[in-house]
Structures are given as C-alpha cells and as structure tokens.
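> Test case, fold it:
(chains A and B)
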Amino acid sequence: MSLIDSLSLALGQIASWDVLIAILIGTAYGTLVGALPGMGTVVALVVALPFTYSMGTPAAIALLLCIYCSSVYGGSITAILINTPGTPQSAATVLDGYPMAKAGKADLALGWATFASAFGGVFSLLVLIVAAPQLARLSVYFGPVETFALILFALTCIAWVSSGSTVKGLLAGAIGLFLASVGPDTMTGLSRFGFGVDALAGGLSLISVLIGLFALSEAFIRAAYYREGKPPDIAGVGFRLPPWGDIRLRWRILLQSSAIGTAIGVLPGTGATAATFVSYAEARRTSPRRENFGKGEPDGVIAAEASNNAVTGGALVPTLALGIPGDGGTVVLLGALLIQGLVPGVQLFQNNPEIMIGAFIVILIANVLMVGFGALGAQGFRRIMGVPEPLLMGSVVLMSVVGAFAVRGNPIDVVVAVVAGIFGVIMRLAGVPVAPIVIGMALGKTLEQSLRQGLMLNEGSFLAFFGQPIAVVIFLITLFFIAAPVYTALRKRHQG
Amino acid sequence: MKLKRAMGIAAAAVLLGGGAAQAEYPERSIGMMIPFSAGGGTDVPGRFFAAEMEKILGTDIVVSNVTGAGGTIGATQLSQARADGYKLGFMPVGTTTTQPHLRRTSYNGDSWAPICLVAQGPQYVTVLEDSPVKTVDDLIAKAKSGKLVTGGPPPGSLPHIAQAAVANAYGVKFTYIPHEGINEVAKSMLGGRVDMAVWFGDAKARFGLRPLAILDSKRSAEFPDVPTLAELGQPVESFVWFGFFAPKGTPDAVVSTLSDACEKAVNSASFRGNMEKAKRQVRYMPRDEFAAFFARQYEQNGSLLKEAGLVK
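Residues are numbered from 1 along each chain as shown, chains lettered A, B, ... in the order given. Predicted structure coming up:
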C-alpha cells in the first residue's frame, strides 16, 4: 500500500460520524477530567476503556488518543484558577499560573496555557510523524547509565523551582526522594518501609501525595483563613488568547519547552511531570524575563504547558514504533489496541499504516479542538468560580478524595492524601516549597533503579559510568548547572 | 386492625418471596478485580473474559484494577471481601502462587474458592532476532565463557524463576537484571544490554524476539520448529496461567454456576478469536480440576523459590 493509499484510507475512516463524535467527546471529556483534581490521564483513559469494546477500531483509537492529549491540557485549568493542579503534569503550571490569576489575569493565563499546550502537542506530533522510527531506535540505546545521568540532571531543577530558600527546596526534594522509596523494591522484589501494613506494600501513589500537597492543603489553608475574612476573589476569569506580538516575543521559550518535552517523552522512564519541571527550570535560567518567575510570568506557564503536551507525542514514539509504552497513559492505549485485535509493536507499522496515519490526524484535530474547548469552557469556568467558595472547595475536597482512591483502588491512598494535606499546610506555613516533593517522588524510583541496574551491568563499578559518552556529556552539563550560579554568586560577593 | 395485620402478612409474604427470588444467582452486577493495571498483560485477557461472562450470566460485570506489589494488594482485598459471589478476581499464577511465599501476605493457598482456569501458555527462552546466539547450546556456551545477561520483572516473578531453573539445569550462572515491568525488559533487549529473556507467546509478534526453546512438554502450533527444552535434555517447564477465583467461603452452588459459565465463555468463538489475535493461549479447567491444579502449583512454585534461594 502506498502512502497516498494509506492516507486516503485513513481520511475515509476518520470522516465518519462515529469517529468524529468520538473525537469531540474524547477531547471534551479529557479536558474536563484533566481539570478535576485527582483524576489524572490514566484514570480518564481507564474509565473510557470499556466503552471502546463495542466501537469500531478507528473510533476507539480516536476516543482514547483525544482523551490522552486533552487530559494533559485540562490539568492546567484548575492549576491556574484554584492553585490545584488537575494532574501531576500540571504541578509546575501552578508556580506562575496561579499568581497570574491572583493578579486578575486569569483569562490571559488560561489563554497562554491553552496556546502553549496546543503548540507543544502539534510540535511533538510533527516530530512523531517525521522521525518516529529513528528516534525509537535511538531511545532503546538509552540505557540505565544514561538514564541515571539524565535523572540526576533533572534533579538540579529543584533549585530553580524553589523560590525563596534553596535549602528548603532541597530539603523538600529529599523528602520526595524518600517517599519514592516506600513500597516494592524492583531490584529485590521485596517491600520497604511498609511497617507491616499490607496496603503499603505497593508504595505511595504520586497522585495521592500530589492531591494532598496541593488540593487538600489549599482547601485547609483557605478554610483557616476564612475565619478572618473572605480570601481574595480570582478576577478576570475568562479566556483571552495572547496577542500575536507577545507570542512572537516568547517564541523561543515555546520552541525550547516543546523540544524538552518531546525529548523527555521519547526516553521512557522519566515522565511528563519531570519534563515540566526541567522545562520550567530551563526557561527560568534562560528567559530574559527571569526576574518575574514565580510572580505570574507567562513564560513560566508556557514552559510547563508546552512541555507537558509535547510529552504526549514523544511518549507515542516508542509506543507506536516499538510497542513499548512511554508512560502510564500509553500503557492503556496499547491495551486498547490489543483489545481491538491489533498487536502493537514492530509489525503494526508495516501491516496497518492507515492506523498510524489516522492516529496522527486525530491528534492534530484534538490539539486544535482543545483551543476551541478552552475558549468555550471559559464561560463555564466563570460560573464555577462564582460558586460560593465553601461549596467550591468542598467539591474539590470530595473529588480529590475520590480521585485518590480511583487511581489504584487502594483505600490507603485516601489516608495518604489526607496526611499529605496536613503536611502540606505545615510546609506552606513554614515557607517550604511543595513542588520539589513532587519532583523527588516522580524521579526517585527511576534514579535508584537506573543506578542499581547500571552497577549490575558494570560489575559494581561506578567508574564505568564515565566510559559512556552520552552519560559523560550529561554529567558535565549537570556539573555546569550546579557550578555556574555558585561561581557567579561568589564573584559578586568578591567584587562587592 | 385486622386489615393492618392482613397487610402485614401480605408484606411479609412479598418479602419472603423476594428472598426466595434472591437465591437465583446472579441477581445484580458482579465485581471482577484484576490486580494489575488497565491495558497490561493480565488486564487484556481479563477484560476479554469479563465480556463473555457478562453475556452468559446476563448481568453486568464491573472490572476494577487494584494494582501494586505484584498484584498482592488486589489479592489481599479480594481475600478479605464478603464471600457472596459478587466479588471475584481474575488473577495470574504469580500473584496467587509465588507472592505468598515471597512476602508475608495475609492470604495464602487456602484463601480461595478456585472457580476455573481460563488461560495457560508456555514460556519461551528468547533472544534478539539478529543475536549471534542461535541455539540453546550457543546460549550455554556464552554463559560458560563469560557473562550472559538476562532480564525480567522483579525477583520472584515467573520469568525470573524460569531462568533460574534453566541455569540450574545446565549448571551455569546468568546475570539477572531486574526491571520494573516487561516493557522495560523489551527496551533493554532491543538496546542490546540484555542477551536473553524468558517470555510468553507474544514475544515475537510484539518485539520481534526469536524463541530458542519452549519450556513445555510439547512443541507449540505457533512455533513448530522451536524445540522443547526437554528434547534438548533438560525437562524445564514453565507456564503463565490465569485463573478465576472467589474468596474462600463463597457458596458452593455459586461457584458451580460460575464454573459452568466459565466453560461456555472460554470455549466461545469470540473469546478464542480475541485471545488468538492477542497471541495468547486459552485453557479451561472446571472447578475441582482447577482446585487440584492450583494446590499443586502452589506447592511446586514454593519449592522452586526455595531452590532458587529466594525463600528460606
């Protein structure tokens, strides 16, 4: 089958009512579920999975792909409006999105988040179309040693996302790393730090800790301050696309963040949450407006949202080209393909090219639709934000708790979320940033695993890590990122 | 007064009648727990199976994924659930027969009312398509000459036990690199960091891996040219299977109803077709046969783990 034949076959499949309806429903539902605190991408996909059984293959794939892409965007809405990321991927969006909303620029923040999400999504889609087989082949050569170097590098971004005290940020990061060590140890198959509680044998779920640290602690703090008077309203809720001049001004941040997101998406094991923080840190380091970061700088929103949506296309590279899922969401997508009778992997690309091409077109449509839904949804957001605050935060608490349970079906996750919520309040009152905990938890497991796998492959020699050229380059970049600010600070002190 | 009493009796009669009708199992939706995440190796056959059982039993089957710690979180929940036939589980060999030996799980081999066996497939010793290792002899020679790296899920998983059994049989040592899941193992193999992995039937279709030997007593229809390890002199067998379980104490009649429905489901053309497409094998065993099989597997895997030095 030639490319043109496959393309026309794919277009024919998409241009049918069931597929078009699946695209519309998938994008709307994905955005909504992404926005609900606690219901992440994976839960959104799992809930929709049974509905795909009775659908045709093109409609089923379209539905799930649209949910996958749009749920990542949806998380930014609640991050901006109520300081509560809807998904872990939007935890970095809070850093500048919420300050923008507090300053009365919620409409613009949502506009930037939407535009950057669509931009990142389309950017990574183009990479996926052009270079999927080549990048997939490269990604498998990225072994534990390289992964270890990359995770170590990603950890340096903790310093950049901790506004205020770097020491407090590092402390929070260390707590996050420790929390990641609870549960099953992949290398021995044994459980750690379970304290004899069966339900803890599976470890702590990142989502329930995130729900506690952000959503519940936000609700607790607001409830506490409510006694002293109503907290400030978020004004200017709506939807305003950024003006063209501003986009031109910030195009470099858009491109850079999309590239980081795509690259980290291609390399399995790092994940979208880490990608957003790396991208945020890099934007904060290189943006001409870096002084405003953390105070409501659009570049911060762009960095987080362009990169997390770019991860979708990146994670689909090994998923579609090799049948190796790039993240939790793509695992469900692969399962859905199997249920549809398609075996994902090396043969799918050759046997069913029209499915691949159809998938590319669907992702493109989903990213464009997201902008439309963002604009239309603004009316709805305004209504929701107009609900009396106790009611609004009450529903946030309710959905958070349900979401914490829904991820793994483990009741302990609800307890963990509440404990993390109380801990989050203490941290906020002590001026300790909470985002580094999320970074530590998101990276901790892979950091440890890649280090130990690397040592096993090299007969226990850490020195052998420096024999791997890619790893050495990443180590050097990490060293530079740590040394440069210290050097600048020392020189300033010396001159001053 | 009389009227009231008469009404009371009538109401009681209705209630009792209702009670009798309740004896018809199933009279409401049934929950089916899968102890691994949606889209994974246990989930896909589990959902195929649930769809058939729904048709046969004429009631909704609500699939829930309770994940974590090798499936033990879900299995623990199920073992503590009310044994009324409305909480059932679709669980693989590892969760039910190796994990209780490895961890101090609160459930063990006696915690279940086994309903039926649904699927069973042999494992294969596989290498990368273009690997210089062409035969099991090559593999053993490589292991003897220096370092043969093998990979799989965390220690105690079926592929881990199987590779240890192969190494023991030939008196060699493999370096085992544990991975988070089979997707990571595939990545390590394709990247050339792992030479060999024990895998089930979809290894070739999904990742282009080449089977060297089948760990079964007979060759498979799918790979008729691949010898059994027994033919090569070492009778090592290793299967992945999936069974349908109820918590212990579930009424006998309910288990029998389910076991009969299970037979129809496993033998249905649609279930077989779906499994075929996903490169998975089906195998049915009714409740009594499965219970005996399960008890045997529980003992065998326990002693295999002891031999591999994983359990004292």
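> Send me stretch B:238-258 as PDB with only the CA atoms.
Provided in PDB are the C-alpha atoms of stretch B:238-258 (Å, rounded to 0.1, in the frame of the first residue of the first chain):
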ATOM      1  CA  SER B 238       7.200 -23.000  33.000                       C
ATOM      2  CA  PHE B 239       3.700 -21.700  32.300                       C
ATOM      3  CA  VAL B 240       1.900 -18.500  32.800                       C
ATOM      4  CA  TRP B 241      -1.700 -19.100  33.700                       C
ATOM      5  CA  PHE B 242      -4.700 -17.000  34.600                       C
ATOM      6  CA  GLY B 243      -7.500 -18.300  36.800                       C
ATOM      7  CA  PHE B 244     -10.800 -17.100  38.100                       C
ATOM      8  CA  PHE B 245     -11.100 -17.000  41.800                       C
ATOM      9  CA  ALA B 246     -13.700 -16.300  44.500                       C
ATOM     10  CA  PRO B 247     -12.900 -15.700  48.200                       C
ATOM     11  CA  LYS B 248     -13.000 -18.800  50.300                       C
ATOM     12  CA  GLY B 249     -16.400 -19.500  51.700                       C
ATOM     13  CA  THR B 250     -18.300 -18.500  48.600                       C
ATOM     14  CA  PRO B 251     -21.500 -20.700  48.400                       C
ATOM     15  CA  ASP B 252     -20.900 -24.000  46.600                       C
ATOM     16  CA  ALA B 253     -23.800 -23.500  44.200                       C
ATOM     17  CA  VAL B 254     -22.500 -20.100  43.200                       C
ATOM     18  CA  VAL B 255     -19.000 -21.500  42.400                       C
ATOM     19  CA  SER B 256     -20.600 -24.200  40.300                       C
ATOM     20  CA  THR B 257     -22.700 -21.700  38.400                       C
ATOM     21  CA  LEU B 258     -19.700 -19.700  37.700                       C
END
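> Does it reach chain A?
No: counting by CB under 8 Å from any CB of the partner chain, chain A is not contacted by stretch B:238-258; separation bottoms out at 14.5 Å. Bear in mind the C-beta positions are built from the backbone N, C-alpha and C, glycine included.
> and that stretch, how far out from the chain's middle?
13 Å (CA atoms, centre = their mean, to the nearest Å).
> what is the rounded mean pLDDT of that stretch?
Stretch B:238-258 shows a mean pLDDT of 91 in the predicted model.
> Return the distance of B:Met285 relative to A:Leu254.
B:Met285 is 59 Å from A:Leu254, where distance means CB to CB, to the nearest Å.
> How about B:Val226?
52 Å.
> Please identify which of these two sits among more neighbours.
Per other CB atoms under 10 Å in any protein chain shown, whichever of B:Val226 and A:Leu254 has more neighbours is A:Leu254, with 22 against 19.
> so that one sits right up against A:Gly121, yeah?
No: A:Leu254 is beyond contact range of A:Gly121, at 11.9 Å (criterion: CB atoms under 8 Å).
> Where does the prediction get shaky in the chain?
This is for chain A. Counting by pLDDT under 70, the low-confidence segments of chain A come to A:1, A:163-164, A:227-236, A:268-269, A:346, A:496.
> should've been chain B
Within chain B, the stretches with pLDDT under 70 are B:1-23, B:312.
> And the helices in it?
Per DSSP state H, chain B carries helices over the ranges B:2-22, B:43-57, B:72-79, B:93, B:99-102, B:136-145, B:158-170, B:182-190, B:203-207, B:252-267, B:269-277, B:287-307.
> helices or strands next to the last one in the packing?
Just to be clear, that refers to helix B:287-307. helix B:99-102, strand B:112-128, helix B:158-170, strand B:239-247, helix B:252-267 (3 or more CB pairs under 8 Å, 6 or more residues apart in numbering or on different chains; DSSP states H and E).
> run the last query once more with 6 Å
strand B:112-128 (3 or more CB pairs under 6 Å, 6 or more residues apart in numbering or on different chains; DSSP states H and E).
> how much does the strand it packs on deviate in direction from helix B:287-307?
If you take axes from the mean of the first three to the mean of the last three CA atoms, to 10 degrees, strand B:112-128 sits at 50 degrees to helix B:287-307.
> by how many degrees do strand B:112-128 and helix B:269-277 diverge?
Using the same axes, to 10 degrees: strand B:112-128 against helix B:269-277 is 30 degrees.
> so does strand B:112-128 get close to chain A?
No: Strand B:112-128 is not in contact with chain A by CB under 6 Å from any CB of the partner chain; minimum separation 10.7 Å.
> The residue lying closest to B:Arg210 once chain neighbours are set aside: neighbouring residues, count only.
Closest residue to B:Arg210 apart from its sequence neighbours, by CB to CB, 6 or more residues apart in numbering or on different chains: B:Glu129 at 5.1 Å. By other CB under 10 Å, the residues close to B:Glu129 number 13.
> Which positions in the stretch 51-200 of chain B make contact with chain A?
Counting by CB under 6 Å from any CB, the stretch 51-200 of chain B sits next to chain A at B:64, B:66-69, B:72-73, B:76, B:106, B:154-156, B:177-178, B:180, B:183, B:186-187, B:190-191, B:193.
> try it again with 8 Å
Counting by CB under 8 Å from any CB, the stretch 51-200 of chain B sits next to chain A at B:51, B:63-70, B:72-74, B:76-77, B:102-103, B:105-106, B:149, B:154-157, B:160, B:175, B:177-180, B:183-184, B:186-188, B:190-193.
> Is it possible to mark the buried ones in the residues you listed?
B:51, B:63-70, B:72-74, B:76-77, B:102-103, B:105, B:149, B:154-157, B:160, B:175, B:177-180, B:183-184, B:186-188, B:190-191, B:193 (16 or more other CB atoms under 10 Å in any protein chain shown).
> Please enumerate residues in contact with stretch A:98-108?
With contact meaning CB atoms under 8 Å, 6 or more residues apart in numbering or on different chains, stretch A:98-108 is reached by A:79-81, A:83, A:109, A:232, A:234-240, A:242, A:294-298, A:301, A:378.
> among those, which ones are buried?
A:79-81, A:83, A:109, A:234, A:236-237, A:239-240, A:242, A:294, A:296-298, A:301, A:378.
> These in helices, which ones?
Those of the buried ones among the contacts of stretch A:98-108 lying in helices (DSSP H): A:79-81, A:109, A:298, A:301, A:378.
> Closest one of those residues to A:Val278?
A:Val301 (15.8 Å; CB to CB).
> Quick check: the closest one touching A:Thr114?
No: using CB under 8 Å, A:Val301 is not in contact with A:Thr114, being 10.0 Å away.
> Need the residues touching each of these two.
Shared contacts of A:Val301 and A:Thr114 (CB under 8 Å, 6+ apart): A:Ser76.
> Please list all residues in contact with whichever residue of the stretch 351-496 of chain A sits closest to chain B.
Residue of the stretch 351-496 of chain A nearest chain B, by CB to the nearest CB: A:Gly409 (3.9 Å). Neighbour list for A:Gly409: B:33, B:64-67, B:74, B:77 [criterion: CB under 8 Å, 6+ apart].
> any idea how far it is from B:Lys279?
On the measure of CB to CB, A:Gly409 and B:Lys279 end up 28 Å apart.
> ditto for A:Pro390
Distance from A:Pro390 to B:Lys279, by CB to CB: 54 Å.
> quick one, which of the two is more surrounded?
More crowded of A:Pro390 and B:Lys279, by other CB under 10 Å: B:Lys279, with 17 against 12.
> which residues touch the residue nearest to that one when sequence neighbours are not counted?
Leaving aside its chain neighbours, B:Lys279 sits nearest to B:Asp202 (3.9 Å; criterion: CB to CB, 6+ apart). By CB under 8 Å, 6+ apart, the contact list for B:Asp202 reads A:343, B:278-280.
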